[in-house]
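Student: Pasted the sequence and its predicted model underneath.
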Amino acid sequence: MSLSDALSILCIALIFAGLFFVLTGTIGVLKFKDLYTRMHAISKGTTFGFMFVLIGCAGLMGTPMDMGKALLAILFQFLTAPIASHMVGRVAMKKGIRPISSPDDEAPGVPASTVIRAPGAE
């Protein structure tokens with residue numbers, strides 16, 4: 001096995017790792033019950049998934065220009081995704097949407113009628 005073959009296998013493994021992160025983020029959106037946990041799942045899943053997929057694709061392309069573009073896209077994603085999810089959470093808090101409390105919490109959660117749930121989520 002040559003170095004080129006090993007690099008290709010590594011890049012394909014990174015792409016599959018990225019797809020795994022995106023898939024788990026998507027499952028988190030469907031399974032979690034409130035806005036805040038869903039927002040956390042999707043922002044983390046897509047940010048890390050995007051990073052791994054782009055690194056894998058840039059490695060397969062192999063040119064320095066493609067790698068530079070991938071790094072710029074990753075940097076942009078890491079700068080904007082957390083800020084966007086923070087702003088959505090901040091607006092939700094100002095609108096009065098509270099996180100759903102667990103049964104162990106002292107503070108009451110949001111009434112079930114005001115919670116936006118994913119189809120099939122209990």
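Tutor: Happy to help now that I have it.
Student: any idea which residue sits dead centre in the chain?
Tutor: residue 45 (2.3 Å; Cα atoms, centre = their mean).
Student: The nearest residue to residue 33 once chain neighbours are set aside sits in which helix or strand?
Tutor: Closest residue to residue 33 apart from its sequence neighbours, by Cβ to Cβ, 6 or more residues apart in numbering: residue 100 at 5.2 Å. Heads up, the C-betas are built off the backbone N, CA and C, glycines and all. Here residue 100 sits in a region with no helix or strand, counting by DSSP states H and E.
Student: Residue 100: neighbour count?
Tutor: Look at residue 100: counted by other Cβ atoms under 10 Å, it has 19 neighbours.
Student: Give me the distance between it and residue 91.
Tutor: 18 Å (Cβ to Cβ, to the nearest Å).
Student: likewise residue 48?
Tutor: 24 Å.
Student: can you give me the strands in the protein?
Tutor: With DSSP state E as the definition, the chain shows no strands.
Student: Which of residue 48 and residue 91 has more residues huddled nearby?
Tutor: Applying other Cβ under 10 Å to residue 48 and residue 91 shows that residue 48 carries more neighbours, namely 20 against 10.
Student: Please name the residues that touch the residue lying closest to the more buried one once chain neighbours are set aside.
Tutor: Closest residue to residue 48 apart from its sequence neighbours, by Cβ to Cβ, 6+ apart: residue 21 at 4.5 Å. The contact partners of residue 21, taken as Cβ atoms under 8 Å, 6 or more residues apart in numbering, are 44-46, 48-49, 52.
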